[in-house]
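**Q** sequence first, then the predicted structure, then my questions.
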Amino acid sequence: MSCGISGIGTIDDDGGLLDYAYRDLPFSRAATENSRRRFLVMDHGKFDGDAMTRAGRVSRMDTLFISGRPPPAVCRTLRTHGMRLHVARG
């Protein structure tokens, strides 16, 4: 089973994935398109950031690994799309 792991800048309230580096998008998209399981990794402190490059939708992903709890609106969106959430302890 193939797994794709992608970093992401932020997730907006409606499930859009946004990133800072548009040059990395082809690699992230290739990993998403060619994987059976799709994982996102991000820092929870970036929800107030200014990432503007559209990188996809949470509906195409399986699991989010994050360093802290996302905002409530994002948690609801993740649940709506059946995305698993793993918050790091520390």
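**A** Looks like it came in fine.

**Q** in the chain, where is pLDDT below threshold?
**A** By pLDDT under 70, the low-scoring segments of the chain are 1, 90.

**Q** check contacts around the residue most central in space within it.
**A** The centre of the chain sits closest to residue 40, judged by C-alpha atoms, centre = their mean, with a distance of 4.4 Å. Counting by C-beta atoms under 8 Å, 6 or more residues apart in numbering, residue 40 touches 6-8, 17, 58, 61, 63-65. For every residue, glycine as well, the C-beta is placed using N, CA and C.

**Q** run the last query once more with 10 Å
**A** 4-8, 11, 17, 28, 32, 55-56, 58, 60-66, 83 (C-beta atoms under 10 Å, 6 or more residues apart in numbering).

**Q** of those residues, which belong to strands?
**A** By the criterion of DSSP state E, membership of these in strands covers 4-7, 11, 17, 55-56, 63-66.

**Q** leaving aside the residues next to it on the chain, what's closest to residue 35?
**A** Excluding its sequence neighbours, the residue lying closest to residue 35 (C-beta to C-beta, 6 or more residues apart in numbering) is residue 4, at 3.2 Å.

**Q** can you report how many residues lie near residue 27?
**A** For residue 27, the count of nearby residues is 12 (other C-beta atoms under 10 Å).

**Q** please shift the residue numbers so they start at 48 in all later answers.
**A** All set: I'll call the first residue 48, so the last point we hit is now residue 74.

**Q** for residue 134, see how far away it is.
**A** Residue 74 is 26 Å from residue 134, where distance means C-beta to C-beta, to the nearest Å.
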